[in-house]
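**Q** Need a 3D model of the following:
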Amino acid sequence: MSVIAKEPATLQKQPKNKVVYIDNLKVILTALVILHHACVTYGGPGSWYYSEKTANAGAIIPMTIFVSTNQAFFMGFFFFLSALFIPSSLNKKGTAVFIKDRLLRFGIPLFFYSFILSPIMDYLVYYYGGEHYITFLQFLSGYDGWISFGVMWFVLALLLFTGVYILIRRFLTSETEIWKLPSVNRILLVAIAIGFVSFLVRIIFPVGWVLSPFGFQLGHFPQYIAMFTFGLIAANSKWLDQLEYSRYKKSATITACLILIGFPVIYTFKFVFDSALGWFSGGFHPESLLYASWEQLTGFTISTALICFGKRYWNTTSPFLTALARCSFGVYILHPLVLISLSLIAKSWPIDPALKFLIVGPVGVALSFLLGYIVVRIPGVNKVL
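**A** Below is the predicted model of the structure:
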């Protein structure tokens, strides 16, 4: 939901019932997604369209912490924030109109990404990254990646989750149950439980295993499903109205401890017991249980801290912030093209890949939002994005 700022152009404090901070949080998460993929390009763990990994251990460690911390919360938090407005929108529009709007807003971008944007990006990497000098038509003649959702796996999963919710709601005869706002201790217990479920799932589907062609990493889906569900519960139980920063501020302290102390403990565990790195990603290993628990505790506490901090300090808007929020979905869709283009331009630079990240990352954020801002102003496109 986007709230349009009115004059004057300075920051304006919003009434308590407004949720401008949700839009602001989505902008921050979108910027983190861009930096995350730039980091993966140049040294962080994970895969991306184009990679140029640094061998500098002094850079690899902080990049690994950055990527791991992001992965612990940001996509799950996206599912939570996205679910917050589904019940009210469904009630307002009715099931038929709601489904039509969702299919329009999500279906067209999915089609565009898979059949237009993805082949272009793959060609750029093939031509400039792999130095295979053929025409685009020659490339398409042997192209077999038409069903490639890339970063749009999130949109596809959101559609599926929403569809399941509509079905459950349609056949659920009882009234919606009101849930009490959870305490920090209850959130920690839930995080531990989700961590154990993630551990069990990763015995079969370790982190990094992708369900093709959908792009789903099922090892992360226990958190995604849980956060989407809690978003629906939060909406129906009006948790946002009850949030108080003072009640949850220790979540930030717990998060800091998990990152600054917990992550080094995991590294120490690896070296003391000479554990294979893959054991942390999945399988029936104590390393996998340790990492899954750390990941969920970090993810749930940082999400709690952010939403409470946002409500208290970021519930303000301006024309600039409104413009960023308005184009954030378009930015999410288009940022891979921007990052790939920048990375290929920087390919010949005679500097360490870690230094390239320090340039490509921030520039990628700025140019992605600029491109998104331009695209959402195109007539017709602005009705979808």
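**Q** ok, residue 101 - contacts?
**A** By CB atoms under 8 Å, 6 or more residues apart in numbering, the contact set of residue 101 is residue 93. Glycine gets a C-beta too; all of them are placed from N, C-alpha and C.
**Q** Against residue 199, how distant is it?
**A** As judged by CB to CB, to the nearest Å, residue 101 and residue 199 stand 38 Å apart.
**Q** ditto for residue 79
**A** From residue 79 to residue 199 the distance is 20 Å (CB to CB).
**Q** tell me the pLDDT at residue 21?
**A** pLDDT recorded at residue 21 is 95.
**Q** Just say helix, strand or coil for residue 177.
**A** Three-state assignment for residue 177 (DSSP: H, G, I helix; E, B strand; the rest coil): coil.
**Q** Relative to residue 222, how far out is it?
**A** 22 Å.
**Q** higher neighbour count, these two?
**A** Of the pair residue 177 and residue 222, residue 222 is the one with more neighbours under other CB atoms under 10 Å, namely 22 against 8.
**Q** Do I have it right that the more buried one meets residue 196?
**A** No: the pair residue 222 / residue 196 is not scored as a contact, 9.2 Å apart, by CB atoms under 8 Å.
**Q** in the chain, which segments are predicted with low confidence?
**A** For the chain, the stretches flagged by pLDDT under 70 are 1-18, 173-174.
**Q** contacting residues around the spatially most central residue of it?
**A** Centroid-nearest residue in the chain: residue 75, 3.0 Å away (criterion: CA atoms, centre = their mean). Contacts for residue 75 (CB under 8 Å, 6+ apart) come out as 154, 220, 224.
**Q** Nearest to residue 213, out of those: which one, please.
**A** residue 154 (14.8 Å; CB to CB).
**Q** what's the neighbour count on that closest one?
**A** Using other CB under 10 Å, residue 154 is surrounded by 19 other residues.
**Q** Pull out the buried positions in the host helix or strand of it.
**A** Per DSSP states H and E, residue 154 falls inside helix 153-171. Buried residues in helix 153-171, defined by neighbour count with 16 or more other CB atoms under 10 Å: 153-159, 161-162, 165-166.
**Q** Mind putting these into JSON lines with distance to residue 68?
**A** Formatted as JSON lines, those follow (distance: CB to CB, whole Å):
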{"residue": "153", "distance to residue 68": "19"}
{"residue": "154", "distance to residue 68": "19"}
{"residue": "155", "distance to residue 68": "24"}
{"residue": "156", "distance to residue 68": "24"}
{"residue": "157", "distance to residue 68": "21"}
{"residue": "158", "distance to residue 68": "23"}
{"residue": "159", "distance to residue 68": "28"}
{"residue": "161", "distance to residue 68": "24"}
{"residue": "162", "distance to residue 68": "29"}
{"residue": "165", "distance to residue 68": "30"}
{"residue": "166", "distance to residue 68": "34"}
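**Q** any idea which of those is closest to residue 36?
**A** Nearest to residue 36 among these: residue 154, at 12.7 Å, using CB to CB.
**Q** Spit out the contact partners of that closest one.
**A** Going by CB under 8 Å, 6+ apart, residue 154 touches 75, 78-79, 332.
**Q** right, and the pair among those residues with maximum separation?
**A** 79 and 332 (13.4 Å).
**Q** I'd like to know how many residues surround residue 136.
**A** Neighbours of residue 136 using other CB under 10 Å come to 14.
**Q** Please, which helix or strand holds the nearest residue to it once chain neighbours are set aside?
**A** Excluding the flanking residues, the one nearest residue 136 by CB to CB, 6 or more residues apart in numbering is residue 123, at 5.5 Å. Here residue 123 sits within helix 118-124, counting by DSSP H and E.
**Q** Can you list the buried residues in the stretch of helix or strand residue 293 belongs to?
**A** Assessed by DSSP H and E, residue 293 sits inside helix 286-313. Buried residues in helix 286-313, counted by 16+ other CB under 10 Å: 287-311.
**Q** How about stretch 325-340?
**A** Residues 325-340 are the ones in stretch 325-340 that count as buried (16+ other CB under 10 Å).
**Q** Same question for stretch 90-109.
**A** So for stretch 90-109, counting by 16+ other CB under 10 Å, buried means 90, 98-99, 102, 106, 109.
**Q** picking that back up, chain center to the helix holding residue 154: distance?
**A** 18 Å (CA atoms, centre = their mean, to the nearest Å).
**Q** 9 is where my numbering starts, stick with that
**A** All right, first residue 9 from here; so that's helix 161-179.
**Q** Centre of the chain to whichever helix or strand comes after it, how far?
**A** Using DSSP H and E, the helix or strand that directly follows helix 161-179 along the chain is helix 192-212. Helix 192-212 sits 19 Å away from the centroid of its parent chain (CA atoms, centre = their mean).
**Q** Lovely, talk soon.
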